[in-house]
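Asks: Sequence and predicted structure below; questions after.
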There are 2 protein chains.
Amino acid sequence: MTAARTRARRGEGERLRDEILDVAEELLVSTGDENAVSIRAIAQRVGVTPPSIYLHFADKESLLWAVCERQFAKFDAVLEAASATTDDPIEALRRRGEAYARFGLEHPDAYRMMFMARPTVADRHAATIDRSGGSAFTHHVEAVQRAIDTGALRPDLDALQVAIFTWSGMHGITSLLISLASFPWPDREQLVRGMCALQLRALKAEP
Amino acid sequence: MTAARTRARRGEGERLRDEILDVAEELLVSTGDENAVSIRAIAQRVGVTPPSIYLHFADKESLLWAVCERQFAKFDAVLEAASATTDDPIEALRRRGEAYARFGLEHPDAYRMMFMARPTVADRHAATIDRSGGSAFTHHVEAVQRAIDTGALRPDLDALQVAIFTWSGMHGITSLLISLASFPWPDREQLVRGMCALQLRALKAEP
DNA sequence: CTCCTGGAGTTATCAACGATAACCTAACCC
DNA sequence: GGGTTAGGTTATCGTTGATAACTCCAGGAG
C-alpha cells in the first residue's frame, strides 16, 4: 500500500521506531479513535509487517505509552508557554488552567491516554509517567508556589495540595467535556473560565 | 463449567437477560478489569453459549450500557441517601460530594463506565445516559438550588452552573485518583474533604 | 574476494475476541 | 398430537495482539 520501504542499514534500526511513533500519533489524531490504532494498521501505514513492530516495542501498551510520553512533552511546553506570557502569578495560574483545558479539548485522545488511562496500564508504566508527566506537574507546583510566595494566594496554603486541587478542577471539567459529549453543556469556553475563576476565588488572599 | 442451565420456559426469556447483567456486573467488580468482561466469559459463567447473549443485547456495548444504567440507579440512591442525613443545605452538599467520591473510589470500574466512557459510546447511547444519569444530575441541581434559596450560597449564582462546577471538581479528584494509581497521592480522604471544602468556600455567601 | 555473523524484517501461525447465519428443540396452544 | 415459535446451539467469519521460526543482506575479518 504505502511505498515499499528500503531496508534500514545496520544501526539504523531506531529509524523505524520513530516512524512507528509518528504513524501511531498521526493515526490517533486523524481517526480520533483509539481502536483504529491497531498494530496492523500502524504496520501497514509504515510499510512493514506487524511483527516488526515488536522489534521496537514490547507490546501495544508500551507503544501507546511512548506516544503518550511525546504528548506529555508537548503538553508541558504548551502550559509553560502560556504562563510565561505574564508576570502576575495569579494571571499565570489562570492562563495555565485555560491552556490545560484547551489542550485537552483540542487533543482529546492524547489527553485520554495521559490522564484517563487504566490503572493497570498506569501501574505497569509508572516510571514513564513519573519521567514525562512529572516535569509538567512540578512546573505546576512551582507556579502555585510563586503565587503563594508573592502573597497573591493565601499564605497558609500548601503548594502541593493547591496544585493537586487546581489540577483536579481543570481535569474535572476537561475530562467531563471530553467523555460526556451528549450532555447538554453550556458554552465550553465559559465553563472553563468559570471553573478557573471559581478555584482562584477560593484560593486568593483576602484583600 | 457452571451447572447446566435448564432451558427457560416460554415467556421467561427475560430471566436470562437479568442473569447476564448480574454476571457482567459481578465479573466487572471481581476482576476489576473491563477487558475481562468478554461476551464469551459472560456466556460461560451464565452457562450458555455466546450467541445467546445477542438474543437479549444488540451488541457488547449495549450490554455494558445496561450494566451502567443499573450503576447509575445505585449511584443516585447513594447520593440521595447521603444528603438526606442533614437539614443544613451546605452540609448536604458536602455530604453529597464526599459520597460521590467514595462511590467512585469503591466502584472504580462502574465509575469509569458512567463518567469516563468514550465519546462515541456515549453518543450512541445518549438516550440511556439521559434517562439514568439525568435523574442523578437533576437531584444534584436541586440540592444546589436549595442551598441558594436558603441564602447559604451566594444569591447571584446559577444553580445549573454551580452544579456543573461542583460536579467537575469532585469528578476531577475522583477520576484522577482512579486513573493515576501510581501518582504519589497524599491521603485520599483528606484530599476529597479538602476539595469539597475548597469549592464550598468559593460558593458560600459572605457572612 | 570470501566467509560468516548478527541486525532487520518476513512468513506462518496461535488463541481470543465480537459478531452472524443457519440450524435445532423443547414448550405451549389448539 | 402436530404445528409454531421462543429459546437456545453449532459452525464459522473477520479481526486483533502476539510469538516462533525463518530469510535476507550489510559489513567487518581474514
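Replies: Structure received.
Asks: Could you report the neighbour count for A:Ser135?
Replies: Applying other C-beta atoms under 10 Å in any protein chain shown, we find 14 residues neighbouring A:Ser135. From N, CA and C alone the C-beta is placed, and that goes for glycine too.
Asks: Looks like it contacts A:Asp76 (just checking).
Replies: Yes - assessed by C-beta atoms under 8 Å, A:Ser135 is found in contact with A:Asp76 at 5.7 Å.
Asks: Nearest to chain B: which residue in chain A?
Replies: Per C-beta to the nearest C-beta, A:Gly172 is where chain A lies closest to chain B, at 2.6 Å.
Asks: Could you pull up the residues touching that residue?
Replies: A:Met195, B:Trp167, B:Ser168, B:Gly169, B:Met170, B:His171, B:Gly172, B:Ile173, B:Ser175 (C-beta atoms under 8 Å, 6 or more residues apart in numbering or on different chains).
Asks: Could you rerun that using 7 Å?
Replies: A:Gly172 makes contact with B:Ser168, B:Gly169, B:His171, B:Gly172, according to C-beta atoms under 7 Å, 6 or more residues apart in numbering or on different chains.
Asks: gap between the last one and DNA strand D?
Replies: What it means is B:Gly172. 30 Å (C-beta to the nearest atom of the strand, to the nearest Å).
Asks: quick one: buried residues of the helix or strand of chain A with the lowest mean pLDDT?
Replies: Every helix and strand in chain A was compared by mean pLDDT, DSSP states H and E; the lowest is helix A:119-124, with a mean of 77. Residues A:Pro119, A:Val121, A:Ala122 are the ones in helix A:119-124 that count as buried (16 or more other C-beta atoms under 10 Å in any protein chain shown).
Asks: need those in a markdown table with distance to B:Leu200, can you?
Replies: Shown next, in a markdown table, are the buried residues of helix A:119-124 (distance: C-beta to C-beta, whole Å):
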| residue | distance to B:Leu200 |
| --- | --- |
| A:Pro119 | 29 |
| A:Val121 | 34 |
| A:Ala122 | 30 |
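Asks: now, which of those residues sits nearest DNA strand C?
Replies: Nearest to DNA strand C among the buried residues of helix A:119-124: A:Val121, at 17.4 Å, using C-beta to the nearest atom of the strand.
Asks: Now for that closest one: which residues touch it?
Replies: Listed by C-beta under 7 Å, 6+ apart, the contact set of A:Val121 reads A:Glu61.
Asks: domain ranges for chain A?
Replies: Domain ranges of chain A: A:13-54, A:68-203, per automatic domain parsing.
Asks: What is the neighbour count of A:Arg138?
Replies: Arg isn't right for residue A:138; it's Thr. Neighbour count of A:Thr138, defined by other C-beta under 10 Å: 12.
Asks: tell me what the helix or strand where it lies is packed against?
Replies: According to DSSP states H and E, A:Thr138 maps onto helix A:126-149. Applying 3 or more C-beta pairs under 7 Å, 6 or more residues apart in numbering or on different chains; DSSP states H and E, we find helix A:126-149 packed against helix A:60-83, helix A:89-106, helix A:159-179.
Asks: Turn those helices into JSON lines, columns for mean pLDDT and distance to B:Ala82.
Replies: Compiled in JSON lines, the helices and strands packed on helix A:126-149 are given as follows (pLDDT from 0 to 100; distance: least, C-beta to C-beta, whole Å):
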{"stretch": "helix A:60-83", "mean pLDDT": "96", "distance to B:Ala82": "36"}
{"stretch": "helix A:89-106", "mean pLDDT": "98", "distance to B:Ala82": "29"}
{"stretch": "helix A:159-179", "mean pLDDT": "97", "distance to B:Ala82": "19"}
